[in-house]
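[1] Need coordinates for the below:
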Amino acid sequence: MWRVPETLKEIAEAGDDRIVLELIDSFQRDTARRLERLHEAMARFDPDTVKAEAHSVRGAARQMGGEALAELCRSVEAAAPGMNWPELERRLNQVELGFAELRFAMSEYADAQERAG
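    So this is what the prediction gives:
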């Protein structure tokens with residue numbers, strides 16, 4: 001499950017809840033676009049783009065406290081150069097599920113913040 005990272009907690013505690021919610025929204029939109037590009041790269045059998053997009057999602061997920069998603073992306077990134085496409089597809093499906101779980105947890109947090117504020 002997702003825990004709010006310390007940096008976001010500090011921003012929220014400083015009275016900038018809207019910024020935290022905007023960061024969450026931005027992360028979710030950007031990650032969704034990157035996952036689309038990952039699927040497109042898979043369809044083109046483009047391991048360089050698969051690796052680059054997985055790396056980008058991994059870094060963003062870590063910054064936003066999504067360690068499980070980051071680890072799933074690391075496995076895609078590591079497998080890309082070997083071009084085992086069926087295995088990459090399986091791992092990418094796990095990334096999609098991990099993102100859905102993270103997105104849900106973040107949305108619950110955002111809803112709670114909006115109700116409280």
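[2] show me the contacts for residue 41.
    By Cβ atoms under 8 Å, 6 or more residues apart in numbering, the contact set of residue 41 is 47, 49, 50, 53. (C-beta placed from N, C-alpha, C; glycine too.)
[3] Which members of the residues you listed occur in strands, if any?
    When the contacts of residue 41 are checked against strands using DSSP state E, none is located there.
[4] Out of those residues, which comes closest to residue 12?
    residue 53 (29.4 Å; Cβ to Cβ).
[5] Which residue, neighbours along the chain excluded, lies closest to that closest one?
    Once flanking residues are discounted, residue 53 sits nearest to residue 38: 4.6 Å by Cβ to Cβ, 6 or more residues apart in numbering.
[6] got the contact list for that neighbour?
    49, 50, 53, 54, 57, 76, 92, 95.
[7] ok, so what distance separates it from residue 99?
    11 Å (Cβ to Cβ, to the nearest Å).
[8] so what sits against both of the two?
    The contact lists of residue 38 and residue 99 share residue 57, where a contact means Cβ under 8 Å, 6+ apart.
[9] ok so, going back, make a ChimeraX selection of whichever of the contacts of residue 41 turn out to be buried.
    To isolate the buried ones among those in ChimeraX, judged by 16 or more other Cβ atoms under 10 Å, type:
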select :47,50,53
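[10] Save the contacts of residue 41 as JSON lines, and put in distance to residue 87 too.
    Below are the contacts of residue 41 laid out as JSON lines (distance: Cβ to Cβ, whole Å):
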{"residue": "47", "distance to residue 87": "12"}
{"residue": "49", "distance to residue 87": "17"}
{"residue": "50", "distance to residue 87": "12"}
{"residue": "53", "distance to residue 87": "17"}
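[11] what's the closest of the contacts of residue 41 to residue 83?
    residue 47 (5.2 Å).
[12] The nearest residue to that closest one once chain neighbours are set aside: what's it in contact with?
    Leaving aside its chain neighbours, residue 47 sits nearest to residue 80 (4.5 Å; criterion: Cβ to Cβ, 6+ apart). Contacts for residue 80 (Cβ under 8 Å, 6+ apart) come out as 47, 48, 50, 51, 54, 88.
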